[in-house]
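Undergrad: the sequence and its predicted three-dimensional model are supplied below.
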Amino acid sequence: MLVDLPLWAVGRAGTVSWFQFGAHHAVPARKIEIKDVGDYALHTECEWTLASSTYGDVIATSESSRDELASLGSLGLVCQEVTADDRGGFVLQFASGHCLKVEPEDEEAEGADGEAFLREALGKPLEELELPARAINALKNAELNLVVDLVQKSEADLEHVKNLGDKSIDEIKTALAALGLSLGMRIDPNVLGALGRGVVR
């Protein structure tokens, strides 16, 4: 669809980058404005790089300034080939040798980062939570020593902990929320194993 079409404008609106291909068309925009659009527009929130060749110098990226993006329209780029990969990324090869690579976020790496953060948060001793000493002592007397021990308990469970009142329970919920956690969580057994904990029944 984009093959043999010129790329004549590149810009960004918020987090979305846009690329205009094909002939120019003047269309009405807001109020009395007129804006130029192409036959086709490519919009993406993914990271991208435009290089002088497949392995050449990078000319622009999804992080480039608006002025840098605006200057790309003067390069005279004409799409020659489009290839896609099985991760949702794709490459536009231009007749001049320039190459536009669009790469989606690596969900596996993102998931691994999220799991590492979760393990770190769950592995914290209760003393690291923003809680008064009275609440910490009551939890420790109930043999709850790490955040992972606490998040597997329900609010009803905590109501039975000696010397822990409604105010303390509210403070606990607030402290857990600050870590993106809550009471009554079901934790993956692999994460529990890594923290030296079994499943709480």
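TA: Nice, thanks for sending it over.

Undergrad: after the lowest-mean-pLDDT helix or strand in the chain, next one along is what?
TA: Ranked by mean pLDDT, DSSP states H and E, the weakest helix or strand in the chain is helix 107-122, scoring a mean of 66. Per DSSP states H and E, helix 107-122 leads on to helix 133-141 as the next helix or strand towards the C-terminus.

Undergrad: okay, the closest residue to Lys124 other than its chain neighbours: pLDDT?
TA: Closest residue in space to Lys124, ignoring its immediate chain neighbours: Val147 at 4.7 Å, by C-beta to C-beta, 6 or more residues apart in numbering. Every residue, glycine included, has its C-beta placed from N, CA and C. pLDDT for Val147: 92.

Undergrad: in contact with Val147, which residues?
TA: 121-126, 128-129, 176, 179, 181 (C-beta atoms under 8 Å, 6 or more residues apart in numbering).

Undergrad: how far does stretch 176-184 sit from the chain's center?
TA: 20 Å (C-alpha atoms, centre = their mean, to the nearest Å).

Undergrad: end-to-end on that stretch?
TA: 11 Å (C-alpha to C-alpha, to the nearest Å).

Undergrad: got the buried residues for it?
TA: Across stretch 176-184, burial judged by 16 or more other C-beta atoms under 10 Å covers 176, 179, 181, 183.

Undergrad: just flag the most distant two among those.
TA: Taking C-beta to C-beta as the measure, these span a maximum distance of 12.2 Å, between Leu179 and Leu183.

Undergrad: before we move on, the earlier item: okay, who's weakest in the contacts of Val147 by pLDDT?
TA: For the contacts of Val147, the least confident entry is Leu179, with 80.

Undergrad: give me the residues contacting stretch 46-60.
TA: 10, 17, 61-62, 68-69, 72, 75, 89, 93, 97-105.

Undergrad: where strands are concerned, which of those residues count?
TA: 10, 17, 61, 93, 99-103 (DSSP state E).

Undergrad: how about the residue nearest to Glu103 when sequence neighbours are not counted, what does it touch?
TA: Using C-beta to C-beta, 6+ apart and skipping the chain neighbours, the partner closest in space to Glu103 is Gly89 (4.5 Å). Residues in contact with Gly89 (C-beta under 8 Å, 6+ apart) are 46, 101-104.

Undergrad: repeat that for 6 Å
TA: 102-104 (C-beta atoms under 6 Å, 6 or more residues apart in numbering).

Undergrad: export those residues as a markdown table, with columns for distance to Ser52.
TA: Shown next, in a markdown table, are the contacts of Gly89 (distance: C-beta to C-beta, whole Å):
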| residue | distance to Ser52 |
| --- | --- |
| Val102 | 17 |
| Glu103 | 18 |
| Pro104 | 23 |
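
Undergrad: circling back: and which of the buried residues of stretch 176-184 is nearest Gln152?
TA: Proximity of these to Gln152 (C-beta to C-beta) peaks at Leu183, which lies at 8.4 Å.

Undergrad: tell me how far that closest one lies from Lys173.
TA: Distance, Leu183 to Lys173, using C-beta to C-beta, to the nearest Å: 6 Å.

Undergrad: many thanks, have a good one.
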